[in-house]
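J.: can you look at this prediction? I've put the sequence above it.
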Amino acid sequence: VIISICTNLWNKEHISETFCRAKFKFPGRQKICMSKKWGFTKFDVDEPRTWELRHNSSLITNYKQGNLDSREYCIDRE
């Protein structure tokens, strides 16, 4: 791995164009690989969307410590 980046999905076209231009700066043959993982974690891109809870027009994500299977979602009404 020469260059690695973590960005939003709507920037995918810009990032791939940037890496295509940047690979000419390094000698040898370079490959561009897009990951289907969420950031630098072991989870797929679609999986974190199941962690979100919709409440009216706002989106609440509950990040607690511990196992992902034991997470409970709550709505904070402050």
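T.: Done, it's in. Residues are numbered from 1 along each chain as shown.

J.: isn't residue 3 up against residue 19?
T.: Yes. When contacts are counted by Cβ atoms under 8 Å, residue 3 is listed as touching residue 19 (6.9 Å). The C-beta positions use only the backbone N, C-alpha and C, and glycine is treated the same way.

J.: ok, those two, which is more surrounded?
T.: Per other Cβ atoms under 10 Å, whichever of residue 3 and residue 19 has more neighbours is residue 19, with 17 against 12.

J.: how close does that one sit to residue 8?
T.: Here the criterion is Cβ to Cβ, to the nearest Å. By it, residue 19 lies 16 Å from residue 8.

J.: domains in this structure, as residue ranges please.
T.: The chain breaks down into these domains under automatic domain parsing: 1-34, 37-78.

J.: mean pLDDT lowest for which of those domains?
T.: Lowest mean pLDDT within those: domain 37-78, a mean of 60.

J.: which parts of this protein are helices?
T.: Here the chain has its helices, by DSSP state H, at 12-22.

J.: so where do the strands sit in it?
T.: 52-55, 58-61 (DSSP state E).

J.: ok, residue 23 touching residue 17?
T.: No. Between residue 23 and residue 17 there is no contact under Cβ under 8 Å: 11.2 Å.

J.: quick one, which of the two is more surrounded?
T.: Using other Cβ under 10 Å, the more surrounded residue of residue 23 and residue 17 is residue 23, with 15 against 10.

J.: quick check: that one vs residue 35, distance?
T.: Distance of residue 23 to residue 35, computed by Cβ to Cβ: 17 Å.
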